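Peer 1: Below are the sequence and a predicted model for it; my questions follow.
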Amino acid sequence: MHRPAARETPSRRRVLRGAGALAVLGAAGAGGCTLTRVLSPPVDPRTVVPLFSQSVAYDASGTRQLVGVEGAKASLDPGTRLLTAVPEDAPARERAEQFLTGTAAWSERLAAAHPERPELHDLAGSAPADLWVLTDQLAAPVAGWSRNWRFVWPRDAAFAAVALARIGHPDRAVEILAHLQSLQAVDGWYEARYVPGTDRAPDDRARQFDGTGLVLWAVQEVAGTLPEDRRVAVTDRLAALIGTSQRVLLASTGDGEVMPPVSPDYWEVHERSVTLGIMAATLAGLRAGADLTGEGRARRAADSFTTLLTGTFGAHGYQRHRRGGGADSALAFLDATGCHGIVPTAQLLSLREELARPAGGIAPGASWKDDGISWTPSTSLLALALARSGRPAEAGDLLTWLAQHRTAAGSLPEKVLFDGRPAAVAPLAWTAANVLLALDALAGS
């Protein structure tokens, strides 16, 4: 995937040539960040990834553009993903204001819950702006706006839909899920990613089984934010997705008795055996399907699969693979998706030490290459898991770290280098969604 990826191919990781100070972009919104950054001294080039952009914003023509790319000069309106040149009566500005109005009640609840944590309030302003600019007027959010990230990943879109529903935009969340329903193959699988607005994959990347479980989990989460009458209408609308996903999850696991199919997971590399990430996503889907349908068979399958997970991966310390591979941030998928009580809290907490990177975030896994880079999708997923499992202090610490390592424009990047500099894509939809869901959990939603 766009992140994490164990091997960065030229088509997805282009090293920018040349060096030079970043342009002064003007005043940004979140956290009172300034858009001027001083370059650090030269470091080992094997551990450095450039920052592709400071953010993404609409320009005066109503077109999204990368902000802060080399040679570009532009300024953002504070707290927005709009350039200052955007007219007051521009449709993009009107849509942005409507979005912010929809999140106002959620923001107020967060502020009331944590008046002593201003950095969380800043994050609660910038993360929605990041998610909005990657979702606005699209059938589903794209992962990022840099060229090789401008695709719809079902996994990212599932988390984004849940986040949007939680922060005050359930209708938009349902539309995203309806689009994902239209993309699902008849056998229940999803492509790794899609060209926006189409059902076409941009390349021959292998399909991924985790999308099936995570999208079904997203349906259950979004439906749970709605009043009962609306919930019934939404589940009726998404009946094909619910039925197809549950059918393939039950069939592929022998009603929870056997391992799911071998598939790439969020690392997006070829696998020879089932990973913890696939197991966690499958369990999330089985449990969601049981809750949505109320079927006894589905509930029994979810219980059986829980026993299978604990007796296989759990017997060997919940490593990346059944009997090895070391710690994996996929462990956080369990509590992040509501599968509580399976992993000891102490083991979840230990991920921050086992996968620690110099700047303070974590790597995707212990077997990841030793390049010193923190990955914000994994770090934010851990924050979400801790927030939802009743560890607000530790979750808050991770969210504070994320807030402190945004770009100068206030956007959440994909990576943070060993010396604390944001790197690669910014903003990233999955990270923004994880952050919003973690904040939502801390607000006691």
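Peer 2: Everything's here; your move.

Peer 1: How much space separates the closest residue to Leu276 other than its chain neighbours from Val258?
Peer 2: In space, and not counting its chain neighbours, Leu276 is closest to Ala330: 4.5 Å by CB to CB, 6 or more residues apart in numbering. Glycine gets a C-beta too; all of them are placed from N, C-alpha and C. According to CB to CB, to the nearest Å, Ala330 stands 20 Å off from Val258.

Peer 1: Then Ser55?
Peer 2: Remark: distance between Ser55 and Val258 (CB to CB) = 45 Å.

Peer 1: the strands in the stretch 51-200 of the chain, which residues?
Peer 2: Counting by DSSP state E, counting those that start in this stretch, residue ranges of the strands within the stretch 51-200 of the chain are 55-58, 64-67.

Peer 1: Is it possible to get TSV of those strands that adds mean pLDDT, distance to Leu283 and mean neighbour count?
Peer 2: Shown next, in TSV, are the strands of the stretch 51-200 of the chain (pLDDT from 0 to 100; distance: least, CB to CB, whole Å; neighbours: other CB atoms under 10 Å):
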stretch	mean pLDDT	distance to Leu283	mean neighbour count
strand 55-58	97	34	27
strand 64-67	95	37	21
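
Peer 1: got those as TSV, with distance to Ala359 columns?
Peer 2: TSV is the format used below for the strands of the stretch 51-200 of the chain (distance: least, CB to CB, whole Å):
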stretch	distance to Ala359
strand 55-58	20
strand 64-67	23
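
Peer 1: So which of those is nearest Leu351?
Peer 2: Among these, strand 55-58 comes nearest to Leu351, with 28.7 Å by CB to CB.

Peer 1: who's in contact with the closest one?
Peer 2: If you take CB atoms under 8 Å, 6 or more residues apart in numbering as the criterion, strand 55-58 is touched by 28, 64-68, 74, 76, 80-83, 86, 90, 92-93, 96, 130, 133-134, 144-145, 407, 409-411, 426-427.

Peer 1: Next: stretch 382-402.
Peer 2: 114, 117, 119-120, 123, 329, 331-336, 338, 340, 345, 348-349, 351-352, 360-362, 376, 379-380, 412, 431, 434-435, 437-439, 441-442.

Peer 1: and what of stretch 297-310?
Peer 2: 246, 249-250, 253, 255-259, 279, 282-283, 286-287, 289-290, 339, 342.

Peer 1: Thought Thr282 was touching Thr253, still the case?
Peer 2: Yes. Using CB atoms under 8 Å, Thr253 is in contact with Thr282, at 6.5 Å.

Peer 1: hang on, the earlier thing: between Ala330 and Val258, who's got more neighbours?
Peer 2: Using other CB atoms under 10 Å as the criterion, Ala330 and Val258 rank with Ala330 on top: 27 against 11.

Peer 1: hang on, isn't that one packed against Phe313?
Peer 2: No. Using CB under 8 Å as the test, Ala330 is too far from Phe313 to be in contact (10.0 Å).

Peer 1: got any residues that touch both of those two?
Peer 2: In contact with both Ala330 and Phe313: Leu276, using CB under 8 Å, 6+ apart.

Peer 1: count of neighbours near Val232?
Peer 2: Neighbours around Val232, by other CB under 10 Å: 12.

Peer 1: can you check Arg207 too?
Peer 2: Taking other CB under 10 Å as the criterion, the count of residues near Arg207 is 16.

Peer 1: List the contacts of the closest residue to it other than its chain neighbours.
Peer 2: Excluding its sequence neighbours, the residue lying closest to Arg207 (CB to CB, 6+ apart) is Trp189, at 4.9 Å. Trp189 makes contact with Arg207, Gln208, Phe209, Gly211, Thr212, Val248, according to CB under 8 Å, 6+ apart.

Peer 1: do Leu331 as well
Peer 2: The contact partners of Leu331, by CB under 8 Å, 6+ apart, come to Leu276, Ala280, Tyr318, Val343, Gln347, Leu348, Leu351, Ala385.

Peer 1: Quick check, pLDDT for the last one.
Peer 2: Note for Ala385: predicted pLDDT of 98.

Peer 1: Return the subset of the contacts of strand 55-58 lying in helices.
Peer 2: Ala92, Arg93, Ala96, Asp130, Val133 (DSSP state H).

Peer 1: quick one: Val215 from Gly341, how far?
Peer 2: Separation of Val215 from Gly341 (CB to CB) stands at 24 Å.

Peer 1: Thank you kindly, that will do.
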